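1. Here is my input, please return the structure:
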Amino acid sequence: MKPSEILIQLQELQKEWRDNDFNLSEGQQVTHNRLLELRRERVTQLYKENRVCKVSKSAMDKLKEEEDN
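-> Now for the predicted structure:
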């Protein structure tokens, strides 16, 4: 399953959750837990591959200024 499909399905479940007075059926809860686990695995993978910015833009700008001096 593509990461974008996971996010889309999670958003659809969130809409259903709101429409159903903030309750999910057992089947929906199982699906939500499975999708959430897949999403967490993907985020962990991105961190391992260093594909996530770990420094804020302002902190990065300060580092660049220090390097230039």
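2. helix or strand right after the top helix by length along the chain?
-> Using DSSP state H to define each element, the chain has its longest helix at helix 26-48. Heading C-terminal from helix 26-48, the first helix or strand you meet, by DSSP states H and E, is helix 57-68.
3. buried residues in that next one?
-> Within helix 57-68, no residue is scored as buried using 16 or more other Cβ atoms under 10 Å. For glycine as for every other residue, the C-beta is placed from the backbone atoms N, C-alpha and C.
4. just checking, what packs against that helix?
-> Helices and strands in packing contact with helix 57-68 are not found; criterion 3 or more Cβ pairs under 8 Å, 6 or more residues apart in numbering; DSSP states H and E.
5. Make 395 the starting number, not 1.
-> In the new numbering, first residue 395, that becomes helix 451-462.
6. ok, now which ones touch residue 440?
-> residue 446 (Cβ atoms under 8 Å, 6 or more residues apart in numbering).
7. in stretch 437-451, what's buried?
-> Under 16+ other Cβ under 10 Å, stretch 437-451 has no buried positions.
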